[in-house]
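Novice: The sequence isn't on hand, but the structure is:
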């Protein structure tokens, strides 16, 4: 099979209504290398770049899962674009998005999302 590893997807196919960042980026912990108070940041298996995660809120009113974490590969902590004045959340979209299906601890199909970057939406969320 030609398809190996993470599957490239268009952001608009995964989140047709867009997403809002619900906080800032955090370093992803490498649970195998970390111990006690010793934190080791996880790295992308393909590029070797550090992994950062941000929780986002799906703007789809019919979404079964309202929040999801998206990991971003970057040498330095990614920066969210500036949000609209008076809004508690920042509308964002992700570039270079990939999805990796896996079976979670409950035995159900789940998906891990990883991106190459984050930016302000090309199309404002109100127009979606």
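Specialist: Yes, it's here. Since the model is a prediction, treat every value here as computed from it, not as a measurement.
Novice: number of nearby residues for residue 12?
Specialist: Residue 12: 15 surrounding residues under other Cβ atoms under 10 Å. Where you see a C-beta, it was placed from the backbone N, CA and C, and this is true even at glycine.
Novice: Need the per-residue pLDDT for residue 46.
Specialist: For residue 46, the model assigns a pLDDT of 86.
Novice: quick check, residue 114 in a strand?
Specialist: Yes: under DSSP: H, G, I helix; E, B strand; the rest coil, residue 114 sits within a strand.
Novice: these two touch, right, it and residue 74?
Specialist: No: counting by Cβ atoms under 8 Å, residue 114 stays clear of residue 74, with 11.2 Å between them.
Novice: mind listing the strands for the chain?
Specialist: All strands of the chain, identified by DSSP state E, fall at 7-8, 19-21, 26-27, 51-58, 67-73, 90-95, 98-103, 109-115, 117-119.
Novice: Please identify which of these is closest to residue 44.
Specialist: The closest of those to residue 44 is strand 67-73. By Cβ to Cβ, the value is 4.3 Å.
Novice: helices or strands next to the closest one in the packing?
Specialist: Where contact means 3 or more Cβ pairs under 8 Å, 6 or more residues apart in numbering; DSSP states H and E, strand 67-73 is packed against strand 51-58, strand 109-115.
Novice: Quick check: bridge partners of residue 117?
Specialist: Assessed by DSSP bridges, residue 117 has beta-bridge partners residue 95.
Novice: My read is that it contacts residue 71, right?
Specialist: No: using Cβ under 8 Å, residue 117 makes no contact with residue 71, being 11.8 Å away.
Novice: Which one of the two is surrounded by more residues?
Specialist: residue 71 (19 against 13).
Novice: and that one, what does it touch?
Specialist: 28, 51, 52, 53, 112, 113, 114, 115 (Cβ atoms under 8 Å, 6 or more residues apart in numbering).
Novice: Quick check: beta-bridge partners of it?
Specialist: residue 53, residue 114.
Novice: What's the per-residue pLDDT of it here?
Specialist: Here the pLDDT value assigned to residue 71 is 98.
Novice: Burial check on residue 42, number of neighbours?
Specialist: Neighbours around residue 42, by other Cβ under 10 Å: 18.
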